[in-house]
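J.: this one's sequence-less:
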């Protein structure tokens, strides 16, 4: 990410957090230049960017101010209902989402797909093509169950950026993060076991719990700081929880980054109650701030954290290459991986190793971070313009998903069905809950380059949401 | 397969079955030409092939005779021990086998890998390369959880050859046959459930049973006709079996093709006791006889057979593309697939669809069948020459694996460890049993083109096997 975007992001966050109130004067260009050690023109660029986003207004000969009229939608509410472990439902709605193909002209605002049209991906396609042309038996045969050593070496380096020193031997390549999570869950838990999860939470994990006959305990989760540690502690005291599964960095679907102190406190709780942590890190390289946030795994001392990730969000999901650093559960995870799929495909592993070795990954990430940051601001803007009053939205600090909360009683599954007739798909909130909560919420993807057709689609979602909302009985 | 090889195969089978005895005159060239409706020169070619294999000897002006001195090793014995459901062990030995990489100059006689050096695979590599160059978002994105429709259409056509009429909508593409089997098992069984299996049996399935906490009931299996129907019926009466898992065509590791009548009888038993059948068909397109054998699925009327297969044995395992036709269990299998890996990689699916549409698959199969048939005959010949007296071997009717049985008391795990120092790997028989039986057996791969190095490796295996055998105490 460029310097000015980084600075704009920091200033924007301060404004959003209410450090400056509507009408307040913002710090001078000179002051910011000194504070951040950047040039005056970088600060000016940052302010112009904030101006574009409606977060700052210039007054001639005076400086920048927080706009008076600005209305950022409120944050989603934290679900505070009493929690107990439940069996997972919602498979039918997940199946609907994942059965859809991109070919049919559907605008898929619901799926967790990155932008795959970036020119920075071209070297990867070239390398895939070249590996296939090499006609090397390596490409067509079974590799080791652990994955290609060259690729594991590169992943090991990559993880240094998140504060982890993990040797290639302690990494297992998987068929996407999906298999990493699925194998990790099975490595630790038996049917009937309870897994604590942040809530809302990734539907893939919850459907895995369903399939293996495990129960999910959904914990209250703050839209800015993540899973409630108090609630987690109470739950650990009350229930025989086997593992905590969460996405602390650039959470899906809420987009928050859990503060470092909370990550350490969560690890301490896991140690005290002797439970494993299954950490999903798949969006973390797309954090808008630099350097990228640390993982809980980076504080892990006794191998209880299983770090799961993939290239599906940073590069391309169709590669189906992920990995897990399973700590002390290495052997069990290997067994679960073998049971599930045998070894991972060779061709994409070899091409990825080459792509990383050639240094193409970091420039690609920089570009995508900047694009997604702009995409987020635009999507928030569109939602505040086109959605009915009372709509709340998350404040993603990375990734490419916005969580939208409508007034209670709203039915996003009905919204989705209505939209399908218009060639638009959203992800209904209920699939992010084991028990089908968040029916009044939806998740929107802002990965794609903004186009009039995209804005039109979002405005259509807002319009139809407004119509459905108007049909609801008045709250008493 | 060419006409003469097909005829040679039929004649060879009759000789092996003892229809003609050593010293007997074989049918005249003219008689065979009329009987089979082929040219005289085709019959002569077939006889020359049998001569090469040591199965026929010409006598001038008289015709062909069964050689007097010929010694084909005896068949492996059927395990007849009393059976009960057991938990699966042997993971450590399986892990050893699958952790090995082909790169290190190891001669992998143990792994289930086809020959991937055939020129008939070149179009596939070209198509993989071209798909990657197209830079179509389709290649990089998530596809439908069911798999690429074009590929499913081709698989549907392919299955007509096995007597199955299955629509593309009833097929799910998977990450190899491994995932097809794993998802099928989980779709039907719960932890603690009993699955009846042929024995010896594919280690991948048994390790899946282990991982999911299910029990395997290993049934006596004839090396020529497959699972014992009497034993199966008794087991179904005695135990609450949930599913029968077997590989009736070109069985791994024994190589037999179950007679059609047995397939129908097995299905009738499954109907009578209302259990599902998980049919592994992954080697069946490599049957040495033409047309390829029918599946049990082809007789299925009420959707209780889940047919699992892949391109890993016919084309290349590194693609990781398989499929399942799950009958009435479609929805459960989709859920299990989603839990395990999400959707399957797009690039190999698109390249495979193109390869099949262009008609490249059938010529490739013809070539591989002929190669593997010659490989089998050569490997049997090598084993009879280089292995100690008392060695028994299977009679593979397809595929590329030979099952070798040494006298009881022999330890093939020790053999494997000793061989590794010589850069040779075999598959110890114990991994093909839930309870670690068949320790005196091993599986050899004859897929590769014969080379002096390969013959040398097999003779080394035989030599060291002889040394280990000599160290055993005399049987009492």
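T.: Yes, it's here. As the structure is a prediction and not an experimental result, all values here were calculated from the model.

J.: the helix or strand of chain A with the lowest mean pLDDT near chain B at all?
T.: Of all helical and strand segments in chain A, the minimum by mean pLDDT, DSSP states H and E falls on helix A:137-140, at a mean of 78. Yes - Helix A:137-140 reaches chain B (CB under 8 Å from any CB of the partner chain) through A:137, A:138, A:139, A:140. The way it works is simple: take the backbone N, C-alpha and C, and place the C-beta from them, glycine included.

J.: quick one: which of the residues you listed is nearest residue B:256?
T.: The nearest member of those to residue B:256, counting by CB to CB, is residue A:140 at 27.7 Å.

J.: using the three-state scheme, assign the most centrally placed residue in chain A.
T.: Among the residues of chain A, the one closest to the centroid is residue A:252, at 3.7 Å (CA atoms, centre = their mean). The assignment at residue A:252 comes out as coil when based on DSSP: H, G, I helix; E, B strand; the rest coil.

J.: confirm that residue A:308 sits in a strand.
T.: Yes - assessed by three-state DSSP, residue A:308 belongs to a strand.

J.: related to what we said a few turns ago, contact partners for the residue nearest to the centre of chain A?
T.: Counting by CB atoms under 8 Å, 6 or more residues apart in numbering or on different chains, residue A:252 makes contact with A:112, A:202, A:280, A:282, A:283, A:399, A:401.

J.: how does it look with 6 Å?
T.: residue A:202 (CB atoms under 6 Å, 6 or more residues apart in numbering or on different chains).

J.: which pLDDT value goes with the spatially closest residue to residue A:202 that is not a sequence neighbour?
T.: With CB to CB, 6 or more residues apart in numbering or on different chains as the criterion, residue A:202 has its nearest non-adjacent residue at 5.2 Å, and that residue is residue A:252. Looking at residue A:252, its pLDDT stands at 96.

J.: ditto for residue A:101
T.: The model's pLDDT for residue A:101 equals 64.

J.: and if you look at the one 3 residues further on?
T.: The confidence metric pLDDT takes the value 66 at residue A:104.

J.: also residue A:81?
T.: Reported pLDDT for residue A:81: 58.

J.: before we move on, what about residue A:330?
T.: Listed pLDDT for residue A:330 reads 97.

J.: any idea how far it is from residue B:94?
T.: 16 Å (CB to CB, to the nearest Å).

J.: over to residue A:216?
T.: 32 Å.

J.: ok, residues contacting stretch A:371-383?
T.: Taking CB under 6 Å, 6+ apart as the rule, stretch A:371-383 contacts A:53, A:288, A:393, A:396, A:400, A:402, A:446, A:450, A:458.

J.: all helices for the stretch 301-450 of chain A, in order.
T.: Here the stretch 301-450 of chain A has its helices, by DSSP state H, counting those that start in this stretch, at A:330-341, A:346-357, A:361-386, A:412-420.

J.: now these in JSON lines, with mean neighbour count?
T.: Conversion of these to JSON lines gives the following (neighbours: other CB atoms under 10 Å in any protein chain shown):
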{"stretch": "helix A:330-341", "mean neighbour count": "24"}
{"stretch": "helix A:346-357", "mean neighbour count": "24"}
{"stretch": "helix A:361-386", "mean neighbour count": "20"}
{"stretch": "helix A:412-420", "mean neighbour count": "19"}
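
J.: please render those as TSV that adds distance to residue B:209 to the earlier fields.
T.: Formatted as TSV, the helices of the stretch 301-450 of chain A follow (distance: least, CB to CB, whole Å):
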stretch	distance to residue B:209
helix A:330-341	9
helix A:346-357	27
helix A:361-386	40
helix A:412-420	38
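
J.: spell out which parts of the stretch 51-200 of chain A neighbour chain B.
T.: Residues of the stretch 51-200 of chain A that fall close to chain B, judged by CB under 6 Å from any CB of the partner chain: A:91, A:98-99, A:101-102, A:113, A:116, A:125, A:128-129, A:132-133, A:135, A:137, A:139-142, A:144-145, A:175-176, A:178-179, A:182, A:191.

J.: right, I'll call it a day here.
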